[in-house]
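> make a model of this:
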Amino acid sequence: MTGKREVLPGPEALAERLADFVVESVGKAQSHRGTASLVLAGGTTPRAAYELLARAPRRNAIDWTRVTILFGDERCVAPTDADSNYRMAREALLAHVPLRASAILRMRGEADPAVAAVEYAASIRERFGATPHFDLVLLGMGPDGHTASLFPGSDPFADDDALVRSVYSESKRQWRLTLTPSAINGAHAIAVALAGSEKAPTYAAISKGEGDPVRYPITAIAPRDGQLIWFVDRSVLG
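Residues are numbered from 1 along each chain as shown. The predicted structure follows:
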């Protein structure tokens, strides 16, 4: 397992640290390039961090008018559906900060999955070029080792150059849209947030270098030139 690790005492501290890392990373990107691109993740821990970012003082620590929001994955449901990552992010963060409407690049979960994947990849290439370098990508990891919507049992590097793929999760019985490892690994910074003792066995295995990306897709995350940091709740350590 590559990258740096920070261990936090509990889920609340983890959410606080993740929110602060977003502030730091966005500020650094805006200082260097004038704008910042932030790729959001779904899940309980990211939601708690988003809610912190939506409130002072963190809300006021970011120039949201110079931020572009993207998504690492999405369930193939309507944006109003309770399972939608976009809906969660909107309720927790996006509706509470002064983002430009054109700066929120939503995956169209309500469209045909294959079409939506191609459309999202085209939007990325239009704004960020053929080889995107997002400023910060937020990720989580499931107990099975999946990240974004890259699930065990299939090669996460399939169609890697496509940047976005539609995938069917047998375990979830659901179509998903996901960034490919190529799109993720070009980032300047990647933050993986892990909370919950149910993830301890998988985290222990990947920490020892066990398995491969087909078994544990999270191990496909290895930034080419950027920073990878793991924010880990102490319960994940077992």
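> rest of the way, CA atoms for contacts and neighbours
OK.
> which residues of this protein fall in strands?
Along the chain, the stretches classed as strands by DSSP state E are 4-8, 36-40, 67-71, 73-75, 136-139, 164-169, 174-179, 189-194, 227-233.
> the last one pairs with which strands, parallel or anti?
When you say that, I think you mean strand 227-233. Using DSSP bridges, strand 227-233 pairs in its sheet with strand 4-8 (parallel), strand 189-194 (parallel).
> then the second one?
Here strand 36-40 has these sheet partners by DSSP bridges: strand 67-71 (parallel), strand 136-139 (parallel).
> against which helices or strands is the longest helix belonging to the chain packed?
When every helix of the chain is counted residue by residue (DSSP state H), the longest turns out to be helix 11-33. With contacts taken as 3 or more Cα pairs under 8 Å, 6 or more residues apart in numbering; DSSP states H and E, helix 11-33 sits against strand 36-40, helix 44-53, strand 136-139, strand 189-194, strand 227-233.
> elements contacting the second one?
Which is helix 44-53. Using 3+ Cα pairs under 8 Å, 6+ apart, the elements in contact with helix 44-53 are helix 11-33, helix 85-92, strand 189-194.
> how far away is V118 from L179?
Look at V118 and L179: by Cα to Cα, to the nearest Å, they are 11 Å apart.
> what sits in contact with each of those two?
Common neighbours of V118 and L179 (criterion: Cα atoms under 8 Å, 6 or more residues apart in numbering): 164-165.
> give me the more crowded residue out of those two.
Higher neighbour count among V118 and L179: L179, with 24 against 16, using other Cα atoms under 10 Å.
> that one against V164, yeah?
Yes. Contact criterion Cα atoms under 8 Å: L179 and V164 qualify, at 4.4 Å.
> re the thing from before, which one of the helices and strands packed on helix 11-33 lies nearest to I104?
Judged by Cα to Cα, the one of the helices and strands packed on helix 11-33 that comes nearest to I104 is strand 36-40, at 9.9 Å.
> can you give the contact residues for the closest one?
26-27, 29-30, 66-72, 89, 134-139.
> stretch 81-89 now?
So stretch 81-89 is in contact with 40-42, 47, 50, 71, 73-80, 106-107, 109, going by Cα under 8 Å, 6+ apart.
> so the longest helix of the chain versus strand 67-71, what angle?
If you take axes from the mean of the first three to the mean of the last three Cα atoms, to 10 degrees, helix 11-33 sits at 130 degrees to strand 67-71.
> what about helix 11-33, distance to the chain center?
14 Å (Cα atoms, centre = their mean, to the nearest Å).
> averaged pLDDT, that helix. What do you get?
pLDDT averaged over helix 11-33 equals 97, rounded to a whole number.
> can you check stretch 220-233 too?
Here the average pLDDT along stretch 220-233 is 96.
> just the CA atoms of it, as CSV, please.
Coordinates of the C-alpha atoms in stretch 220-233 are reproduced here as CSV (Å, rounded to 0.1, in the frame of the first residue of the first chain):
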residue,chain,number,x,y,z
ALA,A,220,-5.5,0.4,-8.2
ILE,A,221,-5.3,3.9,-6.7
ALA,A,222,-1.7,5.0,-7.1
PRO,A,223,-1.2,8.6,-8.2
ARG,A,224,1.3,9.1,-11.0
ASP,A,225,2.8,12.3,-9.6
GLY,A,226,0.5,13.5,-6.9
GLN,A,227,-0.1,12.9,-3.2
LEU,A,228,-2.0,10.0,-1.7
ILE,A,229,-3.1,10.3,1.9
TRP,A,230,-5.2,7.9,3.9
PHE,A,231,-7.3,9.4,6.7
VAL,A,232,-8.1,6.4,8.9
ASP,A,233,-10.5,6.1,11.9
